[in-house]
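Novice: Here's my sequence, what's the structure:
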Amino acid sequence: MSVRDRTPRPPSSKYITPSGAKKLHDELDWLVTIERPRVTRAVSDAAALGDRSENADYIYGKRRLREIDRRLEFLARRVETLVVVGAAPPDPARIAFGAWVKLEDEDGAEVEYRIVGADEFDLKIGWISVDSPVARALLGRRDGDEVTVQRPKGAVTYTVVGVRYEAA
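Specialist: Coordinates of the predicted model:
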């Protein structure tokens, strides 16, 4: 099976928090106004030195420009389709996008996650994608509900012990 034969990934959700949207817009702005012009100048300077076939600065710079252009194209398309969700849902006791959810596992260990968009998840700070199995199992649940999540190493059951929508 070649790389091209793999099944395409399902599209990620189009929701994002206001802070996530700002971060993407800031990256887009930085790439357009600072990084791309800087790399373009470096490539131009390297090209002026002569033989381009053995000029590492020129070759690396051209490669970096292609990476920047691909990222710019992706960000421009992605930012157009995103829906910024900043308000708590009408029923703040229910788990929805943007919620901070405190869970307790069968052993009594607690963990807290925030359900965010696919473009902003970061497990180090407890932000999980709304598309993740844990988030999908939690959506619509309430404080006190039990949730079973299928993981690669087996199922785990959590009890929801807290739901909130303010910043952590």
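Novice: I'd like to know how many residues surround Leu138.
Specialist: 24 (other C-beta atoms under 10 Å). Placement of C-beta: from N, CA and C, glycine included.
Novice: Three-state assignment for the most far-flung residue of the chain relative to its centre, please.
Specialist: No residue in the chain sits farther from the centre than Gly50, which is 41.8 Å out by C-alpha atoms, centre = their mean. Classification of Gly50 by DSSP: H, G, I helix; E, B strand; the rest coil places it in coil.
Novice: and it, what is it in contact with?
Specialist: Applying C-beta atoms under 8 Å, 6 or more residues apart in numbering to Gly50 gives no contacts.
Novice: need the helix or strand of this protein with the lowest average pLDDT.
Specialist: Lowest by mean pLDDT, DSSP states H and E among the helices and strands of the chain is strand 146-151, with a mean of 89.
Novice: Which elements pack onto the very next helix or strand once past that strand?
Specialist: With elements assigned by DSSP states H and E, the helix or strand that comes after strand 146-151 is strand 154-164. For strand 154-164, the elements it packs on are strand 100-105, strand 146-151, judged by 3 or more C-beta pairs under 8 Å, 6 or more residues apart in numbering; DSSP states H and E.
Novice: Who are the packing partners of the next helix or strand after the first one?
Specialist: Once the chain leaves strand 100-105, the next helix or strand it forms, by DSSP H and E, is strand 110-116. Contacts of strand 110-116 with other secondary structure elements, assessed using 3+ C-beta pairs under 8 Å, 6+ apart, are made with strand 100-105, strand 127-129, helix 133-138.
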